[in-house]
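Undergrad: what follows is a protein structure lacking sequence information:
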């Protein structure tokens, strides 16, 4: 029997320590624990990794704390455009939606794309219409909005005007949620969902719904969900690069992940705030990041649940 494990992230765009109050930290930890428990409840009963990662991400999409679903960041036009993907390592089936504007839970739509179409990715109005046709809940744009994200957009607009946007914190810029799992049958799965980054150009699509960039799973190898500046991840095919290093070079999960997050993405001219969660076919877990922190958590075969925000 495989070593059943689950790992999640709520993005590497954490609030700086100086801005994180005790009550806010408690809220984030509670949200991460809620997500873990939702996914683990499936795995501990012998359920599939695919169901577990969807359930874990679904919780974070419904919480206003994270940049996915309710609580997603605003784009430059004061709107929301949502991306999500899910992938089944058993047969490499996958589904994704991008630039969706009305789907309450994009991760559910991504799975529906995988299961009910011969497409891998649907975008914009087509994604919204597909979700509605398949009975998924659609909502008005105001559902995704929170005052916290609205203030963040205003700050970014001011910084853009002043030419100081590069000094924005990771929390001001972006965020993502994701989950990876290995189930009792040895199957791997990954899921990722995001609102992108604050003040993004209308129509911008990041790495999260791009298979091999922000989301990837392959049985016998690994499952990966990334968070950070997606443009760099797409250029590197980040998630697939990790799998390839394991599959063809025999690298360990930790070494492959660090080579990207602590190596490739830190070279001059390329530095990008980045993080990810990954599990391999043996149940090893990796959760590297190169920012001040990353909202993250995991449950291993010992059934011990752990969550963290910063390095400690």
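TA: On my side now, so go ahead. Since this is a predicted model, take the numbers as computed values, not measurements.
Undergrad: tell me where the model's unsure across the stretch 1-150 of the chain.
TA: 1-2 (pLDDT under 70).
Undergrad: strands along that one, start to end?
TA: Along the stretch 1-150 of the chain, the segments classed as strands by DSSP state E, counting those that start in this stretch run 5-11, 82-88, 93-100, 121-123.
Undergrad: what's the closest residue to residue 75 other than its chain neighbours in contact with, if anything?
TA: Sequence neighbours aside, residue 200 is the residue nearest to residue 75 in space, at 4.9 Å (criterion: C-beta to C-beta, 6 or more residues apart in numbering). From N, CA and C alone the C-beta is placed, and that goes for glycine too. Residue 200 is in contact with 73, 75-76, 81, counting by C-beta atoms under 8 Å, 6 or more residues apart in numbering.
Undergrad: drop anything exposed from those.
TA: Buried members of the contacts of residue 200, scored by 16 or more other C-beta atoms under 10 Å, are 73, 75, 81.
Undergrad: redo those as JSON lines? Include distance to residue 36.
TA: What follows is the buried ones among the contacts of residue 200, written out as JSON lines (distance: C-beta to C-beta, whole Å):
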{"residue": "73", "distance to residue 36": "24"}
{"residue": "75", "distance to residue 36": "30"}
{"residue": "81", "distance to residue 36": "28"}
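Undergrad: in stretch 226-236, what counts as buried?
TA: 226-230, 232-234, 236.
Undergrad: next one: stretch 96-111
TA: Under 16+ other C-beta under 10 Å, the buried positions of stretch 96-111 are 96-111.
Undergrad: what of stretch 238-258?
TA: 238-246, 251, 253, 256-258.
Undergrad: and the furthest pair within those residues?
TA: Greatest spatial distance among those (C-beta to C-beta): 240 and 258, at 16.5 Å.
Undergrad: hang on, the earlier thing: from residue 12, how far off is the residue nearest to residue 75?
TA: According to C-beta to C-beta, to the nearest Å, residue 200 stands 17 Å off from residue 12.
Undergrad: so what's the gap between stretch 207-225 and the chain middle?
TA: Taking the mean of its C-alpha atoms, stretch 207-225 sits 11 Å from the chain's own mean (C-alpha atoms, centre = their mean, to the nearest Å).
Undergrad: for that stretch, how far is the first residue from the last?
TA: Here the two ends of stretch 207-225 are set 10 Å apart, with distance taken as C-alpha to C-alpha, to the nearest Å.
Undergrad: run through the residues that contact the residue lying closest to residue 128 once chain neighbours are set aside.
TA: Nearest non-adjacent residue to residue 128, counting by C-beta to C-beta, 6+ apart: residue 102, 4.4 Å away. Counting by C-beta under 8 Å, 6+ apart, residue 102 makes contact with 128, 131-132, 138-141.
Undergrad: could you check how far residue 102 is from residue 125?
TA: Distance, residue 102 to residue 125, using C-beta to C-beta: 9 Å.
Undergrad: who touches both of those two?
TA: By C-beta under 8 Å, 6+ apart, no residue touches both residue 102 and residue 125.
Undergrad: burial measure for residue 37, as a count.
TA: 16 (other C-beta atoms under 10 Å).
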